[in-house]
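Novice: structure for the following, please:
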Amino acid sequence: MRVEIVTTAVQPSRPELLGPADLARWRRLRREADRDRLSTGAVLRQAVLRERAGRAVPVVRRCRGCGSTDHGEVQPAAPEDLARWRTSTSHAGGTVALAVVDCEGADVGVGLDVEAVSRTDLCIAPLVLCDGEQPPTSRWDLCGLWTAKEAVLKALGCGLHVAMTEVEVRPHAADGKPGWTAHAAGEDSRLQPLREQPCRVVDLTYVVGGSQRSAVAVTGADHTHVEHRQVASGRWLSWVESMLPDE
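Specialist: Modelled structure (predicted):
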């Protein structure tokens, strides 16, 4: 299963390029930095999906649990597009990242998380570790576990509505990249895919740099092949121009 990770620096907001749901969320934010991160993530998703499809790919935000469109993951709206691609975004500091899975009709989930190590404190370890997991001795290691587990929960579509202590991650390297496999450690029904399907988690710290940790999780795939590209400002501007409405 091919997973592409696309990263870029936070860019100035382009509200005219946002869909109705993203625009409503953008307007509710008060800090310019938060608005810029939301806008960058939404435009990045549009641009990468447009590259793949050769056309605009409408997306929708929907919660897998309750069906609400006020919260939840953002995925292609049309069933034929959803059968081809799944996406997840995350950001920390000045970095915005997007994961796109070319799922080729397979029923997979993808979750991406990026966190700043400086915002991690060892005192939160009891909120992260399940029974049997060894307590980390550094903020670096704890932040790595946090990103792995949040990526898994995002791939399941429940996010932090399920406690991290309900998920166990075990070290596992694939394609020469460090990572984990994820397993259900609790009884929550939303963890059922972890009991029935493989879940691979890849450590993406090499992608985001030394002060941050990152991970991507894919459920329902026996094998994942991760590729990465960085979008420079020049490429970003050409993407934005291609999405501007015709005069």
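Novice: buried sites along the least confident helix or strand in the chain by mean pLDDT?
Specialist: None of the helices or strands of the chain scores lower by mean pLDDT, DSSP states H and E than helix 233-243, at a mean of 84. For helix 233-243, burial by neighbour count (16 or more other CB atoms under 10 Å) applies to 236, 239-240. Every C-beta, even on glycine, is put in place using the N, C-alpha and C of the backbone.
Novice: likewise for stretch 147-160?
Specialist: Per 16+ other CB under 10 Å, stretch 147-160 contains these buried residues: 147-159.
Novice: for stretch 211-229, same thing?
Specialist: 212-221, 224, 226.
Novice: taking those residues together, which two end up most distant?
Specialist: Farthest pair in those (CB to CB) is Q212 and G220. Separation: 27.1 Å.
Novice: one step back: just checking, what packs against the least confident helix or strand of the chain?
Specialist: helix 32-53 (3 or more CB pairs under 8 Å, 6 or more residues apart in numbering; DSSP states H and E).
Novice: from the chain's centroid, how far away is the helix it packs on?
Specialist: Offset of helix 32-53 from its chain centre (CA atoms, centre = their mean, to the nearest Å): 13 Å.
Novice: again with stretch 208-218
Specialist: On CA atoms, centre = their mean, the centre of stretch 208-218 falls 10 Å from that of its chain.
Novice: before we move on, the earlier item: list just the nearest of the buried residues of stretch 211-229 to T181.
Specialist: Looking across the buried residues of stretch 211-229 and measuring by CB to CB, the closest to T181 is A217, at 9.9 Å.
Novice: residues contacting that closest one?
Specialist: 109-112, 148, 151-152, 154-155, 182, 199-202 (CB atoms under 8 Å, 6 or more residues apart in numbering).
Novice: residues in contact with the closest residue in space to it that isn't next to it in sequence?
Specialist: Among residues not flanking A217 along the chain, A151 sits closest, at 3.9 Å (CB to CB, 6 or more residues apart in numbering). Residues in contact with A151 (CB under 8 Å, 6+ apart) are 88, 111-113, 201, 215-217.
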